[in-house]
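# need the 3D shape of this:
(one chain, ligands or ions: 2)
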Amino acid sequence: MPNIRVSALFRPLSLKEKSEHGDSVSIRAIDTESFIFKVENSFVAFVQDEKEEEIKFHFDRVFFQGSQQADIYEFLALPIVKGVVNGVNGAIITYGQTGAGKTYSMEGPGITECNEEQKGLLPRVVDGLFNAIKLSDDMTRYTIKLSMVEIYLERVRDLFDLSKDNLQIKESKVHGIFVSGVTELSQKMKAEDVQLLEQLFILEGIFFDPNSVEEVESAYDDVTSRTISTLQKAVEELSKTVDEVCTVL
Ligand code: ADP
Ligand code: MG
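Ligands and ions are numbered 1, 2, ... in the order given. The predicted model follows:
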């Protein structure tokens, strides 16, 4: 299996796009790995002549309109989950202009919503990780650590400790690339002890409601805001629970 997979995804047209431009799109599928993009010369400066230009693109997989989130997970994320359980680092990166569907692909319509069909990569990765751990040899113990950072105005800030607002990304021979000083919530866990981390991921839902960017931004501007103190309280309570679990184990 190649180490990197690159896919293109086309989200369904929005109602606004349909009402303004109709159903037609500039993409024609060839197969599951390629498509033709019809460039309208009036839009693109590099097309010289008057004719419509057709450009063919290839990817490891193309997810056309109407693709299932489960298929995207299986193709893109499941190999990473399997790798992680075997000690291989992995990353999923979404790239595209605002409105392209990055958040939807990662989270689904909302991270705390449990619609099985629509849920995005992040909750599926959590499920996949725990399933893989459950299925693993009983003698193996895993430590799962969770950090949450955001790159905002080119500074890396720690979302579990907002006083750390300029973390440095460093590289060492022992740790590879790491975020120096970042808060890590962790638990040494047996294969069955899976619920706490799922709760931790739900916290992201509290803080990153994708439909309320302004709310989150204004919360950032005011560190005493209710959103953040609620988050911090929840994290503190959770940390205590994690400690208790660790002591019991
Ligand atoms: P981005 O994070 O790239 O700015 P979003 O994920 O917020 O974009 O998507 C923009 C809009 O398109 C949202 O209203 C979202 O619900 C919708 N959308 C994105 N991808 C899909 C999809 N695969 N199926 C249905 N709706 C989608
Ligand atoms: Mg987004």
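# for this protein, which residue gets nearest to ligand 2?
Relative to ligand 2, the nearest point of the chain is Thr103 (3.2 Å; Cβ to the ion). Quick note: C-beta positions are derived from backbone N, CA and C, even for glycine.
# what does this protein put close to ligand 1?
11-12, 14, 96, 98-104, 109, 210 (Cβ under 6 Å from any ligand atom).
# secondary structure and pLDDT for these - can I get that in CSV?
Below are these laid out as CSV (DSSP: H, G, I helix; E, B strand; the rest coil; pLDDT from 0 to 100):
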residue, secondary structure, pLDDT
Arg11, coil, 95
Pro12, coil, 94
Ser14, coil, 92
Gly96, coil, 89
Thr98, coil, 87
Gly99, coil, 91
Ala100, coil, 92
Gly101, coil, 92
Lys102, helix, 88
Thr103, helix, 84
Tyr104, helix, 90
Pro109, coil, 86
Pro210, coil, 41
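# ChimeraX command to pick out the buried ones of these?
For the buried members of these, the matching ChimeraX selection, counting by 16 or more other Cβ atoms under 10 Å, is:
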select :11,101,102,103,104,210
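# now the residues of the chain next to ligand 1 in TSV, with distance to Gln168?
Below are the residues of the chain next to ligand 1 laid out as TSV (distance: Cβ to Cβ, whole Å):
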residue	distance to Gln168
Arg11	36
Pro12	41
Ser14	40
Gly96	28
Thr98	28
Gly99	32
Ala100	30
Gly101	32
Lys102	26
Thr103	27
Tyr104	32
Pro109	35
Pro210	28
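# and which of the residues of the chain next to ligand 1 is nearest Tyr73?
Among the residues of the chain next to ligand 1, Tyr104 lies closest to Tyr73 (Cβ to Cβ), at 13.2 Å.
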